[in-house]
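Undergrad: what follows is a predicted structure for the sequence shown.
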Amino acid sequence: MLFNSSHRSKLLLFLIQSYILALLFDGIVRKWLLPGLSSQIMMIKQAIAVLIVLKGISSIKELSGWEKSFTIIGLCVFITSLLAGHGSLTVALYGCLPYWFGLTTSYIMGQTLNRKDLLAIGKLIIYTSIFNSLLTIVQYLLPVNNILNYTGGDVAENITGMSAAELAGIYRPAGIFMHATQSGLFITLSFALILYFLLIDTKSIKRKIIVIAFFFDIIACICSVSRTVIFIHIGTFLFFSYFCHNGDFIKKTLNFFIYAVPITVALMLTPFGQNAINNIMARFDEASRVQYKKKTTAEGTIADLWNRNVTYNINAIIDPHTIKGDTIPFWGYGQGISTQIGGKLLNMKSQSGFSLAEFDGLRIMCESGYLFGWLTIIIRLGYSFRFLPRLGNLKKRKKYLCIMLFPPFLISFYLINTWGNVFLSNWAFLCGGLFLASYRIAKQNRKRI
């Protein structure tokens, strides 16, 4: 067991532990151990989340207004899906799972886990990150059709035999996860914890282990061929530098980087390092060229960040249309229709996956319609952004673990997440549960955390 029960429900702690392990090692089982049962295995983590809610709700006196509101909206969109949407009971139930068992899972985890649990989970994440980083680097160097690069889909003939090191982002290594987006979300949590254990809590994990995790993470960051992963590292470090800096932190940082910078620079000057840098720069150039032909790479990158995270969501709210330009019905097309599983169950391949909407703001509007789509987006934004004004107080009280768990929570709830994907939605609820637990402890305990 990761956790000591200490007068808490052993079954609930076992379920939470199983939930974490199911998320971390989902890709390993689905890609290499039991690929023929990929769809069935994918639903295990969702089933565990349901069990967590059913078991945990009895020990929680009362849910907060956020969980109650989301559950009620889930009931409403379930009804509109049947009466005014696609009409499929199975697809509607599947599409409503995040409403009924999402925020509530986070809340129960937040009320159950203690500081020792969070540190145990942190250690597990660090060790997993070392393995994930190593595998990402190996995948980067191997042909995309190698078994270690298996993603469950077919490899295009024109890139067979080529490696990610030659493809400038056409193929991106996913490490132990099914897809690169899932690996990117894992990195939002692992890199935040690496910084915390490296420069704040230097006693909980052996120094050699956390230094190894840091260096492999930086190398894997370049080998990921992912702009998102690059931005995650930059943004997380800037966030960390602002909210966690003090005299002790500055001294530790300077001492560490005196050794880290020369080693990193030396590595980047090797043929491997030069190829990796050139490849990631080619990824930036190609993405900017395709999306913003008349802009420079830097202008295109900035424009893409702004459009994806701000403009896209604003347009989704005020003027929602499908990717094809169709105006959505007032009550939406129904929950679950814009997911791959929902589309397959409805035998409507043209409306599954990304065919209705690529990102979550518009996907929510397409499925839920105007009224409940707006309410869903407002609640999701409010649920994560409500903690922003409280970070200053946490900084004054030196609640650094809580502070460093906030970026993964915010990112997984807002920036690079689509709750139409079982893994991504449940990863968001895991990050939410970890942050809420750390926030509850920070409020109760005046000692540094």
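TA: On my side now, so go ahead. Residues are numbered from 1 along each chain as shown.
Undergrad: straight-line length of stretch 52-68, end to end?
TA: End-to-end distance of stretch 52-68 (CA to CA, to the nearest Å): 17 Å.
Undergrad: quick one: buried residues of it?
TA: Neighbour-count burial for stretch 52-68, counted by 16 or more other CB atoms under 10 Å, picks out Ile52, Val53, Lys55, Gly56, Ile60, Leu63, Trp66, Glu67. (Each C-beta comes from the backbone N, C-alpha and C, glycine too.)
Undergrad: and the residue lying closest to Ile44 once chain neighbours are set aside, helix, strand or coil?
TA: Counting by CB to CB, 6 or more residues apart in numbering, Ile44 lies nearest to Ala22, which is 5.5 Å off, once chain neighbours are set aside. What DSSP: H, G, I helix; E, B strand; the rest coil gives for Ala22 is helix.
Undergrad: quick one, what contacts Ala22?
TA: Ile44, Lys45, Ile48 (CB atoms under 8 Å, 6 or more residues apart in numbering).
Undergrad: now do Thr104 against Asn421, distance only.
TA: The gap separating Thr104 from Asn421 is 19 Å, by CB to CB, to the nearest Å.
Undergrad: so these two - more neighbours on which side?
TA: Per other CB atoms under 10 Å, whichever of Thr104 and Asn421 has more neighbours is Thr104, with 25 against 20.
Undergrad: what about Leu381, distance to Asp304?
TA: According to CB to CB, Leu381 and Asp304 sit 21 Å apart.
Undergrad: neighbour count winner among the two?
TA: Asp304 (17 against 14).
Undergrad: tell me the confidence at the closest residue to Ile219 other than its chain neighbours?
TA: Sequence neighbours aside, Ile137 is the residue nearest to Ile219 in space, at 5.8 Å (criterion: CB to CB, 6+ apart). Per-residue pLDDT puts Ile137 at 93.
Undergrad: circling back to that earlier point, which one of the contacts of Ala22 is nearest to Ser133?
TA: Lys45 (22.7 Å; CB to CB).
Undergrad: what's the burial count for that closest one?
TA: Counted with other CB under 10 Å, Lys45 comes out at 23.
Undergrad: before we move on, the earlier item: in the particular helix or strand that has the residue nearest to Ile219 in it, what counts as buried?
TA: With elements taken from DSSP states H and E, the one containing Ile137 is helix 115-141. Using 16+ other CB under 10 Å as the test for burial, helix 115-141 gives 115, 117-126, 128-130, 132-141.
Undergrad: report all helices and strands that that helix contacts.
TA: Helix 115-141 sits against helix 10-24, helix 180-199, helix 207-223, helix 400-410, helix 422-444, with contacts defined as 3 or more CB pairs under 8 Å, 6 or more residues apart in numbering; DSSP states H and E.
Undergrad: and Gly334, which of those is closest to it?
TA: Closest among those, once you apply CB to CB, is helix 422-444, at 17.4 Å.
Undergrad: angle of the closest one against helix 400-410?
TA: Interaxial angle of helix 422-444 relative to helix 400-410 (axes from the mean of the first three to the mean of the last three CA atoms, to 10 degrees): 150 degrees.
Undergrad: so for helix 422-444, mean pLDDT?
TA: The pLDDT scores in helix 422-444 average 92.
Undergrad: which residues are in contact with the nearest residue to Arg8 once chain neighbours are set aside?
TA: Of all residues not flanking Arg8 in the chain, Thr112 sits nearest, at 6.5 Å (CB to CB, 6+ apart). Taking CB under 8 Å, 6+ apart as the criterion, Thr112 is in contact with Arg8, Ser9, Leu12, Leu13, Ile16, Gly56, Ser59, Ala437.
Undergrad: which one of the residues you listed has the most neighbours?
TA: Within the contacts of Thr112, Ile16 tops the neighbour count with 27 neighbours, counted by other CB under 10 Å.
Undergrad: that one reaches Gly110, doesn't it?
TA: No: counting by CB atoms under 8 Å, Ile16 does not reach Gly110; the two are 10.9 Å apart.
Undergrad: common neighbours of the two, please.
TA: Residues touching both Ile16 and Gly110 by CB under 8 Å, 6+ apart: Gly433.
Undergrad: how about Leu62, secondary structure?
TA: To be clear, residue 62 is Glu; Leu isn't right here. Under three-state DSSP, Glu62 comes out as coil.
Undergrad: ok, now how distant is it from Thr104?
TA: Distance, Glu62 to Thr104, using CB to CB: 12 Å.
Undergrad: kindly report the same for Phe330.
TA: Phe330 is 28 Å from Thr104, where distance means CB to CB.
Undergrad: spit out the contact partners of Leu63.
TA: Residues in contact with Leu63, defined by CB under 8 Å, 6+ apart, are Ile57, Thr71, Thr104, Tyr107.
Undergrad: typed the wrong thing, it's Thr151
TA: Lys31, Ala174, Met178, His179.
Undergrad: identify the residue nearest the first one in space, chain neighbours excluded?
TA: What that stands for is Lys31. Sequence neighbours aside, Tyr150 is the residue nearest to Lys31 in space, at 5.2 Å (criterion: CB to CB, 6+ apart).
Undergrad: same deal with the third one?
TA: Among residues not flanking Met178 along the chain, Gly27 sits closest, at 4.6 Å (CB to CB, 6+ apart).
Undergrad: just how off-centre is whichever strand or helix holds that neighbour within its chain?
TA: Per DSSP H and E: Gly27 is located in helix 26-28. A distance of 15 Å separates the centroid of the chain from that of helix 26-28, by CA atoms, centre = their mean, to the nearest Å.
Undergrad: now whatever helix or strand Phe256 lives in: how far from the chain's centre is it?
TA: Here Phe256, judged by DSSP H and E, is contained in helix 247-268. Relative to the mean C-alpha coordinate of its chain, helix 247-268 is positioned 28 Å out (CA atoms, centre = their mean).
Undergrad: can you give me the angle it makes with helix 207-223?
TA: For helix 247-268 against helix 207-223, the angle by the same axes, to 10 degrees is 50 degrees.
Undergrad: the helix or strand just after helix 247-268 versus helix 115-141: what angle between them?
TA: Later in the chain than helix 247-268, the nearest helix or strand by DSSP H and E is helix 271-291. Helix 271-291 runs at 90 degrees relative to helix 115-141, counting by the same axes, to 10 degrees.
Undergrad: check which helices and strands helix 271-291 is in contact with.
TA: helix 207-223, helix 227-243, helix 247-268, helix 297-306.
Undergrad: so which helix or strand of this structure has the lowest pLDDT on average?
TA: helix 297-306 (a mean of 69; mean pLDDT, DSSP states H and E).
Undergrad: quick check: next helix or strand after the helix or strand containing Met365?
TA: Per DSSP H and E: Met365 is located in helix 360-385. Per DSSP H and E, helix 360-385 leads on to helix 391-396 as the next helix or strand towards the C-terminus.
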